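Enquirer: Predicted model, plus sequence, below.
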Amino acid sequence: MLELVKAGGWPMIPLLLLAVLALAIIVERFWTLRRKEVLPPGLGQEVRNWATRGQLEPAHIESLRRTSPLGEVLAAALDVRNRPREQIRERIEDTGRHVVHRMEKFLNTLGSIASAGPLLGLLGTVVGMIQMFLGILDSGVGDVNQLAGGIGKALVCAATGMIVAIPALMFYRYFRGRISGYVIEMEKEATALVDALEARPSRAPVRGPVAATAVPANA
């Protein structure tokens, strides 16, 4: 491996740095985007039970907000639970955009690595070919070692660029797809909570007309 790195020359240094950075992002996103961390099992049903029983204390809502991305979205709905449905949905959408932005953290960097890897590999290829032709210009085609060295550097850099870019692109697409699935499930849970808030019984006492139940003064 060390010999291949040496054969590739200085263009291998940024390629190796990109490979390390891509690996770090992939591991971090796998850990952060675990399903139980984003969509804790049973959380949506638990919050709907709170809404049905009227257990919507501020402390409960703040605790819910800190549990997970889903908890943050549901807490946003509970913050404006007494407003019209359209306003509740607007608050959910606003909070959801912030949540999705955090879940997509570092993914743009991973996508950039997937794009930059082949370009750096191509740069190494061009550098190797230039050195090869300069060697031919100086010593002619009789120096086989010079010719082989230039071709080897070109091939090593090109292969390394693809080795870095292909996994980065695959995981970039994978994480984007996972986040899209999470968003759909969070929308379902938020809609179910809004329905539960609308279905809960009103606590306001019902008063009938006073004139219908009042006793006449001259009775």
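Expert: Done, it's in. Residues are numbered from 1 along each chain as shown.
Enquirer: contacts, neighbours, all on C-alpha from now
Expert: Noted.
Enquirer: just how off-centre is the longest helix seen in the chain within its chain?
Expert: Selection of the longest helix in the chain by residue count, based on DSSP state H, yields helix 144-199. Offset of helix 144-199 from its chain centre (C-alpha atoms, centre = their mean, to the nearest Å): 10 Å.
Enquirer: Can you list the helices and strands that that helix packs against?
Expert: Judged by 3 or more C-alpha pairs under 8 Å, 6 or more residues apart in numbering; DSSP states H and E, helix 144-199 is in contact with helix 2-8, helix 12-32, helix 43-53, helix 69-79, helix 85-103, helix 107-139.
Enquirer: and the end-to-end length of stretch 66-86?
Expert: Using C-alpha to C-alpha, to the nearest Å, one end of stretch 66-86 lies 25 Å from the other.
Enquirer: what comes up buried for it?
Expert: Within stretch 66-86, the residues scored as buried using 16 or more other C-alpha atoms under 10 Å are 68-78, 81, 85.
Enquirer: chain center to it, what's the gap?
Expert: The answer for stretch 66-86 is 20 Å, by C-alpha atoms, centre = their mean.
Enquirer: Now that stretch: average pLDDT?
Expert: In this model, stretch 66-86 has an average pLDDT of 90.
Enquirer: try stretch 183-196
Expert: Here stretch 183-196 scores 92 as its mean pLDDT.
Enquirer: Now for Gln45, how many residues are close by?
Expert: For Gln45, the neighbour count with other C-alpha atoms under 10 Å is 13.
Enquirer: before we move on, what about Asp94?
Expert: 12.
Enquirer: quick revisit: could you export the helices and strands packed on helix 144-199 to TSV, including columns for distance to Leu169?
Expert: Output for the helices and strands packed on helix 144-199, formatted as TSV (distance: least, C-alpha to C-alpha, whole Å):
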stretch	distance to Leu169
helix 2-8	23
helix 12-32	10
helix 43-53	33
helix 69-79	25
helix 85-103	17
helix 107-139	5
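Enquirer: Could you identify which of these is most buried?
Expert: Most buried of the helices and strands packed on helix 144-199 by mean neighbour count (mean count of other C-alpha atoms under 10 Å) is helix 69-79; its value is a mean of 24.
Enquirer: Give me the angle between it and helix 144-199.
Expert: 30 degrees (axes from the mean of the first three to the mean of the last three C-alpha atoms, to 10 degrees).
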